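*Asks:* predicted model and sequence follow; I will ask about them next.
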Amino acid sequence: MSSNVKIESRIPLAVTAALLLAVGVISTAHADEQVRSETVKFEDLNVGTPSGVQTLYDRIHAAAKRVCSDGDPLQQIAAGACARKAEASAIAKVGLPQLTAFYQKKTGGRSQPLIATR
């Protein structure tokens, strides 16, 4: 198991306020997107303990927010959805059942379904 996980997000480089208001949803499936990522390291954590799992979750959660945030208040809703998706994807990539269980408990089942196997 690798003790690094990469958080990725696709953020449109140019979205106008008029388009945002007219459509209401930002699609991230454009050719002019910038892929941003951040590696979350956790080799210093004991992920076999509840505190280690929580610390790893906190790091992934914070990284997902940083990767998806671009500071534009008009894109706050899209940034929140992006962060949730990036977080779920990263947690699935790690593949730790304890982390998956913690994540599902933390999100109250509102997140994407995750499957983690060892």
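*Replies:* Looks like it came in fine.
*Asks:* quick one: the strands in the protein?
*Replies:* With DSSP state E, the ranges of strands along the chain come out as 4-12, 33-41.
*Asks:* among the ones you listed, show the one with the smallest mean pLDDT.
*Replies:* Looking over the strands of the chain, mean pLDDT reaches its minimum on strand 4-12, with a mean of 58.
*Asks:* how far away is residue 90 from residue 48?
*Replies:* According to Cβ to Cβ, to the nearest Å, residue 90 stands 19 Å off from residue 48. C-beta: built from backbone N, CA, C; applies to glycine.
*Asks:* those two: which is more packed in?
*Replies:* Between residue 90 and residue 48, residue 90 has the larger neighbour count (other Cβ atoms under 10 Å), namely 25 against 9.
*Asks:* doesn't residue 59 make contact with that one?
*Replies:* No: Residue 90 is beyond contact range of residue 59, at 9.6 Å (criterion: Cβ atoms under 8 Å).
*Asks:* what sits in contact with each of those two?
*Replies:* Common contacts of residue 90 and residue 59 (Cβ atoms under 8 Å, 6 or more residues apart in numbering): residue 40.
*Asks:* now do residue 71, the pLDDT please.
*Replies:* On the pLDDT scale, residue 71 gets 75.
*Asks:* burial check on it, number of neighbours?
*Replies:* As a burial measure, residue 71 scores 7 neighbours (other Cβ under 10 Å).
*Asks:* where's it relative to residue 87, distance?
*Replies:* Relative to residue 87, residue 71 is positioned 19 Å away (Cβ to Cβ).
*Asks:* now do residue 105
*Replies:* 14 Å.
*Asks:* who's more crowded, the two?
*Replies:* Taking other Cβ under 10 Å, residue 105 and residue 87 do not tie; residue 87 has more neighbours (25 against 9).
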